[in-house]
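Peer 1: Got a predicted structure plus its sequence, pasted below:
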Amino acid sequence: MSEGAQARTRRSATAGRPVVLITGASSGIGLATATRLADAGWQTLLSGTDRARLDALAERTGGSALPEDLSKPDGPARLAEAALATAGRVDALVASAGLGWRGPFAETPSDTLDRMIEVNLAAPLRLVRLLLPGMLERRRGRIVLLGSMAGQVGVREESGYSATKGGLAMFAESLWYELRGTGVGVRLVLPGAVDTPFFDRRGTPYQRERPRPVSAERVAATVVATMTTGRDRLYVPHWLGFPARIHGVAPGLFRRMASRFG
């Protein structure tokens with residue numbers, strides 16, 4: 001059977017199920033989210049860079065593996081094209097792929113900084129740009145962006161990472177205003193530290209006493225909840241909204257507290 005015939009067969013078999021594209025599905029939050037959404041009846045399109053992990057997840061969830069390197073400027077376009085060719089439409093995007101690096105900004109490797117900007121910020125914007133017209137035409141859709149508390153309050157020696165997540169937060173905020181009344185919802189999920197391979201890949205383990213890392217499953221549960229909830233900004237754990245509000249109304253006080261307690 002040709003690839004085109006296989007794609008038509010998959011579309012026919014899942015015609016009544018909503019379709020979600022999940023980036024970063026090879027591990028961590030993306031993997032946990034894909035499992036939960038598949039259990040909830042979604043057809044999952046799974047993207048990441050580890051083909052073996054994606055294939056195993058696709059077999060387990062009945063989804064489709066769409067490996068892609070989002071650090072390449074043309075990666076999002078290839079992924080969007082593959083997603084639409086596979087399922088015919090995308091009803092929801094969960095942009096959970098992310099990269100980090102910890103250390104003095106002046107010592108940040110140039111290629112690492114470039115990859116963080118591409119994966120954390122540019123790729124979600126490009127994917128939304130490519131998938132949003134279809135959602136608007138159907139007057140329904142969900143865009144779920146995985147931000148970070150680092151993008152809300154800033155973190156010492158994570159300047160580049162914080163900048164990419166801060167930019168993503170402002171994109172979500174601006175897009176929320178733009179899409180009101182269109183049937184397309186924008187959600188921003190803001191975890192603190194999460195117990196995933198993220199810290200291994202960035203080369204520095206998590207070293208702070210608080211907040212303690214939460215599980216990827218806990219963040220995934222929040223992501224799934226955003227599919228139906230009216231809340232557009234969700235913190236994980238929820239109490240992190242309190243220091244974020246302090247930072248917003250009294251940044252000087254927040255900096256003093258952050259300097260003292262880390």
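Peer 2: Ah, there it is.
Peer 1: For the stretch 1-150 of the chain, give me the ranges with low pLDDT.
Peer 2: 1-15 (pLDDT under 70).
Peer 1: where exactly do the helices run in it?
Peer 2: Taking DSSP state H, counting those that start in this stretch as the test, the helices found in the stretch 1-150 of the chain are 3-13, 28-39, 51-61, 75-87, 110-116, 123-138, 150-153.
Peer 1: can you redo these as CSV with mean neighbour count and distance to Met170?
Peer 2: C-beta here means a position set from N, CA and C on the backbone, and glycine is covered the same way. Compiled in CSV, the helices of the stretch 1-150 of the chain are given as follows (neighbours: other CB atoms under 10 Å; distance: least, CB to CB, whole Å):
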stretch, mean neighbour count, distance to Met170
helix 3-13, 12, 36
helix 28-39, 23, 21
helix 51-61, 16, 31
helix 75-87, 20, 19
helix 110-116, 15, 16
helix 123-138, 18, 11
helix 150-153, 22, 9
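Peer 1: any chance of the ones you listed in TSV, plus distance to Ser159?
Peer 2: Shown next, in TSV, are these (distance: least, CB to CB, whole Å):
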stretch	distance to Ser159
helix 3-13	43
helix 28-39	23
helix 51-61	30
helix 75-87	24
helix 110-116	10
helix 123-138	20
helix 150-153	9
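Peer 1: Of all these, which one is nearest Thr164?
Peer 2: With respect to Thr164, and counting by CB to CB, the nearest of these is helix 110-116 at 5.4 Å.
Peer 1: Return the list of helices and strands in contact with the closest one.
Peer 2: Secondary-structure packing of helix 110-116 (3 or more CB pairs under 8 Å, 6 or more residues apart in numbering; DSSP states H and E): helix 159-179.
Peer 1: Count residues in the vicinity of the residue nearest to Ile117 when sequence neighbours are not counted, would you?
Peer 2: Take Ile117 and drop its neighbours on the chain: the residue closest to it by CB to CB, 6 or more residues apart in numbering is Thr164, 5.9 Å away. Around Thr164 there are 26 other residues, counting by other CB atoms under 10 Å.
Peer 1: Contacts only, for Thr164.
Peer 2: If you count contacts by CB atoms under 8 Å, 6 or more residues apart in numbering, Thr164 has them with Met116, Ile117, Asn120, Leu121, Gly151.
Peer 1: Ok, Leu31 next?
Peer 2: Leu31 is in contact with Ala25, Arg53, Leu57, Ala216, counting by CB under 8 Å, 6+ apart.
Peer 1: Check those against Lys72 and report the nearest one.
Peer 2: Taking CB to CB as the measure, Ala25 is the one of the contacts of Leu31 closest to Lys72, at 17.5 Å.
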